[in-house]
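Peer 1: Just the structure for this:
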Amino acid sequence: MQLVAPARFLDGVVFAVFLLFVSGAGLFIFGEFHKMIVITQAKKMGVFATAMDAIFPFSNKQYAFNLTHILLFAILVSLLSMTHHPAQDMLQAEAKAAKKAQKGEKADAEKDKEKAAKGE
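Peer 2: Below you'll find the predicted structure:
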């Protein structure tokens with residue numbers, strides 16, 4: 001049994017690079033949102049700006065992130081992407097029930113054809 005598939009290394013590298021870009025972009029967009037709420041539009045936002053500043057207390061109200069934050073956020077995103085959602089089970093159960101119902105209808109139709117052939 002092979003534990004490592006060398007043919008999948010390139011897939012892993014591509015996924016990791018894509019994930020790092022997504023993670024960095026997400027943190028950058030959140031930083032721009034933070035700057036807009038807490039600095040640029042603070043007077044218009046009122047209580048919301050104060051609450052956001054209290055929830056995310058950065059020094060001098062300047063949002064900052066580095067490579068460590070990007071890596072940790074990428075790990076979080078990949079872990080959350082691997083979780084199993086209960087909706088998947090529900091969809092599978094519904095498909096299985098529909099398939100059983102369809103088989104039951106076919107069986108009933110065949111029985112009706114057999115009765116009609118026998119003249120009942």
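Peer 1: center of this structure, which residue is that?
Peer 2: residue 81 (5.2 Å; Cα atoms, centre = their mean).
Peer 1: Identify the residues contacting that residue.
Peer 2: Contacts for residue 81 (Cβ atoms under 8 Å, 6 or more residues apart in numbering) come out as none. (Each C-beta comes from the backbone N, C-alpha and C, glycine too.)
Peer 1: For it, give its distance to residue 5.
Peer 2: Noted for residue 81: a distance of 20 Å to residue 5, by Cβ to Cβ, to the nearest Å.
Peer 1: Then residue 37?
Peer 2: For residue 37 relative to residue 5 (Cβ to Cβ), the value is 46 Å.
Peer 1: Give me the below-cutoff pLDDT ranges for this protein.
Peer 2: Counting by pLDDT under 70, the ranges of the chain that qualify are 1, 119-120.
Peer 1: any chance you could map the helices in the chain?
Peer 2: 9-35, 42-45, 47-55, 67-81, 86-118 (DSSP state H).
Peer 1: For the ones you listed, give me TSV that also has distance to residue 61.
Peer 2: TSV is the format used below for the helices of the chain (distance: least, Cβ to Cβ, whole Å):
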stretch	distance to residue 61
helix 9-35	8
helix 42-45	9
helix 47-55	7
helix 67-81	18
helix 86-118	40
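Peer 1: What is the burial count for residue 63?
Peer 2: Residues within reach of residue 63, counting by other Cβ atoms under 10 Å, total 16.
Peer 1: Wait, residue 24 touches residue 69, no?
Peer 2: No - the criterion here is Cβ atoms under 8 Å, and residue 24 misses it with residue 69 at 9.0 Å.
Peer 1: When the two are compared, which one has more neighbours?
Peer 2: Taking other Cβ under 10 Å, residue 24 and residue 69 do not tie; residue 24 has more neighbours (17 against 13).
Peer 1: quick one, what contacts that one?
Peer 2: residue 70.
Peer 1: where's it relative to residue 105, distance?
Peer 2: 53 Å.
Peer 1: so residue 39 touches residue 61, yeah?
Peer 2: Yes - counting by Cβ under 8 Å, residue 61 is a contact partner of residue 39 at 5.9 Å.
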